[in-house]
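Chemist: How does the following fold in three dimensions:
(one chain, ligands or ions: 1)
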Amino acid sequence: MGPGTGAVAAGEAGGFGVYVHVPFCRSRCDYCAFATYVDRDHLFADYAEACIAEARHAVAEEGIPPATSVFFGGGTPSRLPPDLLLAILDAVPRAHGAEVTVECNPEDVTPERLAAYRAAGVTRVSIGGQSTVPHVLAGLGRRHTPGALVAAAAAAAGAGLASWNVDLIMGGAGESDEDWDRSLADLLTLDAPPPHLSVYALTVEPGTPLAADPSRHPDDDVLARRYERADDLLQGAGYRWEEISNWARPGHGCRHNRLYWARGEYRGIGSAAHSHRQGRRWWNVRTPDRYVARVRAGRSPQAGEEVLAPAQQALEALALGLRTPAGVPEAAVPDAPELAGLVERRAGRAVLTRRGRLLADAVAARLVVPAAT
Ligand code: SF4
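Modeler: Coordinates of the predicted model:
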């Protein structure tokens, strides 16, 4: 590999990630503020070509090392025809045994597609399920049919992948405690339940249809109750929490996520993709049209960058570590009365309690960089 390989391979988490952004969706969900588009399908081939060019440039000019994890996120990566997605993957140098994840919409998770993915080196799919309850899906503005998630889960379980994940969203309008239990139970009682689950609280993003309709905004107490219920059911079923919103069975943690949580280094490919290398962060132009135009013209797609001071980097690493069971050095969390019950101190570490996980932002706001770190 080119210059810089050794330094990058020594990223804080070990390993190096590549993130590929796929900015296409079939329809826009009411709560979504991601950089994704429903009217740009005519760009599929041009976009893939530009991603391949950017990946090759990163290899040739920046000397990025072989990726230990590759993550196709979006948007809806499974919206891209598989041959185009896999052509992008081909352009990314990968380390032996690399984890390769593709985010999928439930309707796209067919045995044929999974077989094509797996043959090309995909090891993991992450299914955006959100709920198994019809009126909850409708309240979220999701268009997929409720049975699609269970069918997709069965296909993923039978595809011979190393692992797979389902995303759920709690707090949708009209969702009762019983509905939430049902979504979890529908997944956990499958013959082969997902080995990894991500559970996100519905968040109200400015400018979305959800933001414009306060009657559908989630209630904090309800979200806390749903979170505790999910944690109880998942821990009881043999999952352990990996991060505030993520649970996995042993051996099924997501390497790419862990790289992010350890503030490791990664290269983002595609529109709106972010990169982090050697203390510098940068991001690409937001729209696929501008991205394709820039790359075609032989120009950099970069839109901006920032370099964090060492103290900021240390604080950021603490805030990320706090969200995991490894926690942070004990001295990073002040012994303040308002933090009582939110962290547990043991063996020199401070780890969030379950109540602390619900109030993680309040704890993070009080973090201090210990003199020794
Ligand atoms: S499928 Fe995902 S990325 Fe696409 S609109 Fe819905 S939430 Fe946003």
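
Chemist: What pLDDT is listed against the residue lying closest to residue 349 once chain neighbours are set aside?
Modeler: Leaving aside its chain neighbours, residue 349 sits nearest to residue 327 (4.5 Å; criterion: Cβ to Cβ, 6 or more residues apart in numbering). For the C-beta atoms, the positions are set from N, CA and C on the backbone; glycine is no exception. Listed pLDDT for residue 327 reads 97.

Chemist: Okay, residue 327 and residue 287: tell me how far apart.
Modeler: 39 Å (Cβ to Cβ, to the nearest Å).

Chemist: between these two, who's got more neighbours?
Modeler: residue 327 (23 against 16; other Cβ atoms under 10 Å).

Chemist: Quick check: the gap between that one and residue 319.
Modeler: Residue 327 is 12 Å from residue 319, by Cβ to Cβ.

Chemist: Repeat that for residue 309.
Modeler: 15 Å.

Chemist: Also residue 371?
Modeler: For residue 371, the distance to residue 319 - Cβ to Cβ - is 18 Å.

Chemist: quick revisit: higher neighbour count, residue 309 and residue 319?
Modeler: residue 319 (18 against 9).

Chemist: tell me the SS of that one?
Modeler: helix (DSSP: H, G, I helix; E, B strand; the rest coil).

Chemist: How about it, nearest residue that isn't a chain neighbour?
Modeler: Here the residue nearest residue 319, using Cβ to Cβ, 6+ apart, is residue 364, at 4.6 Å.

Chemist: Tell me who's in contact with the one you found.
Modeler: 318, 319, 322 (Cβ atoms under 8 Å, 6 or more residues apart in numbering).

Chemist: Nearest residue to the middle of the protein?
Modeler: residue 257 (6.5 Å; Cα atoms, centre = their mean).

Chemist: if I read this right, that one contacts residue 247, doesn't it?
Modeler: No - Residue 257 lies out of contact with residue 247 (Cβ atoms under 8 Å); the separation is 11.8 Å.

Chemist: For residue 141, give its distance to the ligand.
Modeler: Separation of residue 141 from the ligand (Cβ to the nearest ligand atom, to the nearest Å): 8 Å.

Chemist: what residues are up against that residue?
Modeler: 28, 29, 30, 31, 209, 210.

Chemist: show me which of these neighbour the ligand.
Modeler: With Cβ under 6 Å from any ligand atom as the criterion, those include 28, 29 near the ligand.

Chemist: And for residue 169, the neighbour number?
Modeler: 24.

Chemist: Pretty sure it sits in a helix.
Modeler: No - counting by three-state DSSP, one finds residue 169 to be strand, located in no helix.

Chemist: Could you find the closest non-adjacent residue to it?
Modeler: Counting by Cβ to Cβ, 6+ apart, the residue nearest residue 169 is residue 130, at 4.5 Å.

Chemist: show me the contacts for the one you found.
Modeler: Counted by Cβ under 8 Å, 6+ apart, residue 130 has contacts 136, 137, 140, 142, 149, 167, 168, 169, 172.
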